[in-house]
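In: Model the following, please.
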Amino acid sequence: MPGLRVRQSYDRPRWDYFDAQGCILIQHNDLGFRDVEFPIAKPPGEFRVLAIGDSLTYGSGVLREDAWPEVLERHIAASGRPTQVINCGFAGGHAPAQYANWLDSDGLLLDPDLVVIGLSLNDLGNGNDVPMLCYQGVTSVGCPIALIDQFATVYVNWRATANPVDYVQVVRSHPETWTATQAGLKRMQARLQERSIPYVVAILPMFSGLENEPNPYAGLHRLASEFCREAGIPYVDLLDTVAGRRSEDLWVHPTDQHPIPEGHRLLAAGLYRYLVAQGLVAKAKSD
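Out: Down below sits the predicted model:
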């Protein structure tokens, strides 16, 4: 929605980027993107990137300037070249099949020099099949004695993480979402290759079970990587950028496992390193 201006709120958030009412501002520009104003026609000399994806790209739970597309823009702009990384989170819909339609109808009109497609693991299965939280967690076991309740809750959640779900088997038993995602990615690949526009699929991790070995979603990362490799789609798996971190330290809120600004910075830094290594963007002058 062009010009949207709302506030997203949480009950007693612990991060200092929320205001006194526990809110952050969500604002769209005149074209409907969660980004600064920019012209449809690319200015001469500008390096323009489309960052396509869902809520992890849009930056749910963080300020606009802290979402990974904006952080990536700062990395690339440090080379001295005018740069615009457009946050296309939710452009066209919530999944690659819908992104492909939007790229055909609108995205290519923005004349990108590079397209980054953020692939979330729930693009392999619906939200019930591949949830953001890798276990059935509880916030309280209901004990009236607060200290006992706290320790009991931690124990119950720890026990839940000890029995990971085989998400690959779940996806294969309900393949409709993953089949549609593969088709959408291939459509975008074909259209971008027709235009000789460089592109990459960034496989985005879930911010749950990061401290576990193996990671509970590792099989889905392999599944997505194998598909991209076999289809000839350039990709980067960003799981290693956050692996080993304490998951809850990177959550927007106990009820929302989207990443805080630190999580977005880690993703953007890993993606930037890949783009530099592939010669898709210039190194920062300070590197």
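In: can you map out the helices along the stretch 151-287 of the chain?
Out: 167-173, 176-194, 218-231, 261-277 (DSSP state H, counting those that start in this stretch).
In: what's the closest of these to F38?
Out: helix 261-277 (19.1 Å; Cβ to Cβ). For glycine as for every other residue, the C-beta is placed from the backbone atoms N, C-alpha and C.
In: how far does that closest one sit from the chain's center?
Out: Offset of helix 261-277 from its chain centre (Cα atoms, centre = their mean, to the nearest Å): 11 Å.
In: Alpha carbons of that helix, as PDB, please.
Out: Output in PDB follows, covering the C-alpha atoms of helix 261-277 (Å, rounded to 0.1, in the frame of the first residue of the first chain):
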ATOM      1  CA  PRO A 261      19.000  -5.700  13.900                       C
ATOM      2  CA  GLU A 262      22.100  -7.800  14.800                       C
ATOM      3  CA  GLY A 263      20.600 -10.700  12.900                       C
ATOM      4  CA  HIS A 264      20.000  -8.600   9.800                       C
ATOM      5  CA  ARG A 265      23.600  -7.300  10.100                       C
ATOM      6  CA  LEU A 266      24.900 -10.800  10.100                       C
ATOM      7  CA  LEU A 267      22.900 -11.800   7.100                       C
ATOM      8  CA  ALA A 268      23.800  -8.700   5.100                       C
ATOM      9  CA  ALA A 269      27.500  -9.100   5.900                       C
ATOM     10  CA  GLY A 270      27.500 -12.700   4.700                       C
ATOM     11  CA  LEU A 271      25.600 -11.800   1.600                       C
ATOM     12  CA  TYR A 272      28.000  -8.900   0.900                       C
ATOM     13  CA  ARG A 273      31.000 -11.100   1.200                       C
ATOM     14  CA  TYR A 274      29.500 -13.600  -1.300                       C
ATOM     15  CA  LEU A 275      28.600 -10.800  -3.800                       C
ATOM     16  CA  VAL A 276      32.200  -9.400  -3.600                       C
ATOM     17  CA  ALA A 277      33.700 -12.900  -4.000                       C
END
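In: helices and strands around it, which ones?
Out: Helices and strands touching helix 261-277, as assessed by 3 or more Cβ pairs under 8 Å, 6 or more residues apart in numbering; DSSP states H and E, comprise helix 68-77, strand 199-204, strand 235-237.
In: Only the buried residues of that helix, if you could.
Out: 261, 263-272, 274-276 (16 or more other Cβ atoms under 10 Å).
In: One more: stretch 33-47?
Out: In stretch 33-47, counting by 16+ other Cβ under 10 Å, buried: F33, R34, D35, F38, F47.
In: What lies in contact with that stretch?
Out: 26-31, 48, 58-59, 64, 67, 69-70, 76, 81-84, 86-89, 91, 109-111, 113-114, 281 (Cβ atoms under 8 Å, 6 or more residues apart in numbering).
In: rerun that using 7 Å as the cut-off
Out: Applying Cβ atoms under 7 Å, 6 or more residues apart in numbering, the external contacts of stretch 33-47 come out as 26, 28-30, 48, 58-59, 64, 76, 81-84, 86-89, 109-111, 113.
In: Then stretch 177-196?
Out: Contacts of stretch 177-196 (Cβ under 7 Å, 6+ apart): 95-97, 99-100, 103-104, 108, 115, 117, 123-126, 171, 199, 201, 227, 231, 233.
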